[in-house]
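Participant: What follows is a predicted protein model with its sequence.
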Amino acid sequence: MPEQLPPCPECASDLAYEMGALLVCPMCGHEWAPGDADAGSDRDRDSDAAPAIKDAVGNVLADGDSVTIAKDLKVKGAGGGTVKVGTKVNGIRLISDGVGDHDIDAKVPGFGQMQLKSSVVKKVV
């Protein structure tokens, strides 16, 4: 029998599983490296000394969160179009190497993979 994986540092669920080099919690969607398990929920404040990324109303965002678009966004490039207010985007991923000040990578329904600014989204609670 394989060794026991550590519980999720966010919600303490013992249902974590391995996905590549990361551990993933199916209950809350939290992903972490096996060595980061003792960081606990303070991870958002202390990870790599990076400030927490907040949405348009000040909620702290994390990988795997669901957000809604807070204002109409004109899409440049292939086909163009507009992402409408209220469009729900599931499973965001926070990035530090985005184009300009884009800090979210997400798959937007009807538009595909794109980068978003945290200032134009609201976290779905």
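Facilitator: Arrived safely, thanks for sending.
Participant: for the protein, what helix or strand is lowest in average pLDDT?
Facilitator: helix 43-46 (a mean of 46; mean pLDDT, DSSP states H and E).
Participant: which non-adjacent residue is nearest Pro7?
Facilitator: Distances taken as Cβ to Cβ, 6 or more residues apart in numbering put Asp14 closest to Pro7, at 4.9 Å, once the chain neighbours are dropped. Yep, even glycine has a C-beta here, placed from its N, CA and C like the rest.
Participant: Which residue lies nearest the spatial centre of the protein?
Facilitator: Asp63 (2.3 Å; Cα atoms, centre = their mean).
Participant: what helix or strand is that one on?
Facilitator: Here Asp63 sits in a region with no helix or strand, counting by DSSP states H and E.
Participant: wait, what's in contact with it?
Facilitator: Going by Cβ atoms under 8 Å, 6 or more residues apart in numbering, Asp63 touches Gly29, His30, Glu31, Ile92, Arg93, Leu94.
Participant: ditto for Asp65
Facilitator: Gly29, Gly91, Ile92, Lys123, Val124.
Participant: Just confirm the second one is within a strand.
Facilitator: No - counting by DSSP: H, G, I helix; E, B strand; the rest coil, one finds Gly91 to be coil, located in no strand.
Participant: Help me confirm that it comes into contact with Ser66.
Facilitator: Yes - with contacts counted by Cβ atoms under 8 Å, Gly91 reaches Ser66, the gap being 7.2 Å.
Participant: With neighbour numbers in mind, choose between these two.
Facilitator: Comparing Gly91 with Ser66 by other Cβ atoms under 10 Å, the one with more neighbours is Ser66, at 15 against 12.
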